[in-house]
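J.: Okay, here's the prediction I keep looking at, along with the sequence it came from:
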Amino acid sequence: MLCSIVAAGLIVATIVVPLKLPKTKTKKTIFQRITTKALSTSTTQTIVLPIKPGATSSACTSEEDRSFSDNEFICSPSSKTFAAGLLEGQFGVYRTDGYGNVTSSSIWLASQNPKLGSELKLQSDGHLVVYGKGIAIWGSKTENGGRGRPFCLEIADTGNLQWIDAKKKVLWETNTAISQATMIAKLSNEI
């Protein structure tokens, strides 16, 4: 099962408050309006969205490619501190708030231009690719590498995201492992 972000109509500043969505004639989703509101303000705010219960820390592909759509994630196994996937078309590793919600605060982002409607493909040839409107906009450059299927995308409690082969050989990783002490210090400074 994958973590899914579902718009809850909340943003976080210092406290959680309901978001008043502006009346608009454009056809934006609630999530797009929340994101737009959160990104257009000059104060530090974080979008808070619930994680599906029973989320896993890995996703694998064997014979067929596997895709993640916007707002689908895998979550760190025991701490549920980090989630990896696409947030509004941007592939990255994002923090959670410790209460089962994914936030827009990231520790790693792929070097790509975010595109709404993007998908992350775990390809059976060993390549990890973000496609925007069918065109590759980011890739791990690991095609035909490794020691065979299944290829798995795994996230650790430290926030490090790895793309591994059947023999557990790391083909690509974010190198974003954060120690518990560093994480506590960073979170303390954000309060």
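T.: Structure received.
J.: only C-alpha atoms for contact and neighbour calcs from this point on.
T.: OK.
J.: where in the protein is pLDDT low?
T.: Within the chain, the stretches with pLDDT under 70 are 1-56, 179-191.
J.: need the helices for it, in chain order.
T.: 30-40, 180-190 (DSSP state H).
J.: how much space between Ser93 and Thr61?
T.: One thing to correct before we go on: residue 93 is Val, not Ser. 20 Å (C-alpha to C-alpha, to the nearest Å).
J.: Pick out whichever of those two has more residues nearby.
T.: Set side by side, Val93 and Thr61 show more neighbours around Val93, with 28 against 20, by other C-alpha atoms under 10 Å.
J.: is that one in a bridge, and if so with what?
T.: The partner list for Val93 in beta bridges (DSSP bridges) reads Ala84, Trp108.
J.: from what I can see it touches Thr81, true?
T.: No. Look at Val93 against Thr81 with C-alpha atoms under 8 Å: they stay out of range, at 10.3 Å.
J.: Identify the contacts common to the two.
T.: Gly159 (C-alpha atoms under 8 Å, 6 or more residues apart in numbering).
J.: which residues does the closest residue to Gly85 other than its chain neighbours form a beta bridge with?
T.: Excluding the flanking residues, the one nearest Gly85 by C-alpha to C-alpha, 6 or more residues apart in numbering is Phe73, at 4.4 Å. When assigned by DSSP bridges, Phe73 has beta-bridge partners Cys3, Gly85.
J.: so Phe73 touches Glu88, yeah?
T.: No. Contact criterion C-alpha under 8 Å: Phe73 and Glu88 do not qualify, at 11.9 Å.
J.: Looking at those two now, which is surrounded by more residues?
T.: Higher neighbour count among Phe73 and Glu88: Phe73, with 31 against 19, using other C-alpha under 10 Å.
J.: Look up how far Leu128 lies from the more buried one.
T.: 15 Å.
J.: cool, and Ala84?
T.: 13 Å.
J.: Just want to know which of these two has more residues nearby.
T.: Remark: of Ala84 and Leu128, Ala84 carries more neighbours, 29 against 26, as counted by other C-alpha under 10 Å.
J.: Count the residues that sit near Thr81.
T.: With other C-alpha under 10 Å as criterion, Thr81 counts 22.
J.: Tell me which residues touch it, please.
T.: So Thr81 contacts Cys75, Arg95, Thr96, Asp97, Gly98, Asp157, Gly159 (C-alpha under 8 Å, 6+ apart).
J.: Now with 6 Å, please.
T.: Arg95, Thr96 (C-alpha atoms under 6 Å, 6 or more residues apart in numbering).
J.: and if you look at Gly145?
T.: So Gly145 contacts nothing (C-alpha under 6 Å, 6+ apart).
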